[in-house]
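Participant: Provided below are the primary sequence and the corresponding predicted coordinates.
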Amino acid sequence: MAIEIRIPTILRTYTGGAKAVDGTGATLEELIGDLESRHPGLRDRLVDDSGLRRFVNVYLNDEDVRFLGGLSTPVADGDTVTVLPAVAGGAR
Amino acid sequence: MPYGEAMLTIARELVDKIVAHGRADHPDEACGVIAGPVGSDRPERFIPMENAERSPTFYRFDSMEQFRVWREMDDRDEEPVVIYHSHTATEAYPSRTDVSYASEPNAHYVLVSTASEDDVEFRSYRIVEGVITEEPVKIVEAYG
């Protein structure tokens, strides 16, 4: 068993076109580190110095991790992590 | 790179729905998606979204609503063919904020301006890697 990470179109250049990849880790941060070892460049699109980038939404199963524990959210085998680009903008 | 023609072909009924949504939420910005079959470049299913910011100068999809809608599209083999929002006091042209967030390379980014009560500006763009390309909009009564 592993953790499934669903990748949005715009980040599939890092996964060889794959819509979903597997990873391991005890927290979201570890999971992203594990992904980075096989998909270099991905981490930088998800996190910056202050944590998760505001341009992306990350969900653990059905919950936005911002309402859980952010990067320190615990993850476990069988979980699904979904990454979606935030849709936002405006006149300013 | 985006596929399809460098043009948005869209049914009049959907244009009317976008404009009506923009009018209804004015002076706040309205936003939403039109889904279509993956790879078809054909907008079909109108999905108005809540503007979580409820602001006249900013919009953001509510993250949980977006999750549900994106999963539903995935289940139905759809993708966001159109992502629309309104500008309520300025022209229908992408702002720097719009460009910095634009992250669906296959989507037509539609902007409507509700700044004038009498007529509405309805324009479409591709926004890929920070580059804005306006494209013609062809309004049809029905898809052929």
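Facilitator: The structure has been received and is ready for your questions. Numbers count the residues shown, from 1 in each chain, chains lettered A, B, ... in the order given.
Participant: and chain B, which residues reach chain A?
Facilitator: B:29, B:31, B:33, B:49, B:53, B:55-61, B:63-64, B:66-67, B:70-71, B:79, B:83, B:85, B:87-90, B:94-95, B:97-98, B:100-106 (C-beta under 8 Å from any C-beta of the partner chain). Every residue, glycine included, has its C-beta placed from N, CA and C.
Participant: for the most centrally placed residue in chain B, what are its contacts?
Facilitator: For chain B, the residue nearest the mean C-alpha position is residue B:84 (1.8 Å; C-alpha atoms, centre = their mean). Going by C-beta atoms under 8 Å, 6 or more residues apart in numbering or on different chains, residue B:84 touches B:18, B:30-34, B:109-112.
Participant: if we go to 10 Å?
Facilitator: Counting by C-beta atoms under 10 Å, 6 or more residues apart in numbering or on different chains, residue B:84 touches B:14-15, B:17-19, B:21-22, B:30-34, B:43, B:46, B:48-49, B:107-112, B:122, B:124.
Participant: I'd assumed it was in a helix, is it?
Facilitator: No: according to DSSP: H, G, I helix; E, B strand; the rest coil, residue B:84 belongs to no helix; its state is strand.
Participant: helix or strand: which one has the residue lying closest to it once chain neighbours are set aside?
Facilitator: Leaving out its chain neighbours, the residue that sits closest to residue B:84 by C-beta to C-beta, 6 or more residues apart in numbering or on different chains is residue B:110, at 3.9 Å. According to DSSP states H and E, residue B:110 maps onto strand B:108-113.
Participant: quickly run through the sheet partners of that strand, with directions.
Facilitator: strand B:78-87 (parallel), strand B:121-128 (antiparallel) (DSSP bridges).
Participant: out of those, which comes closest to residue A:65?
Facilitator: Closest approach to residue A:65 among the strands paired with strand B:108-113 is made by strand B:78-87 (22.1 Å; C-beta to C-beta).
Participant: packing partners of the next helix or strand after the closest one?
Facilitator: Toward the C-terminus, strand B:78-87 is succeeded by helix B:96-101 as the next helix or strand (DSSP H and E). Of the remaining helices and strands, those touching helix B:96-101 by 3 or more C-beta pairs under 10 Å, 6 or more residues apart in numbering or on different chains; DSSP states H and E are strand A:88-89, strand B:59-60, strand B:78-87, strand B:108-113, strand B:121-128, strand B:131-135.
Participant: kindly reformat those as CSV containing mean pLDDT and distance to residue A:55.
Facilitator: Formatted as CSV, those follow (pLDDT from 0 to 100; distance: least, C-beta to C-beta, whole Å):
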stretch, mean pLDDT, distance to residue A:55
strand A:88-89, 93, 8
strand B:59-60, 95, 11
strand B:78-87, 96, 14
strand B:108-113, 97, 15
strand B:121-128, 95, 13
strand B:131-135, 95, 17
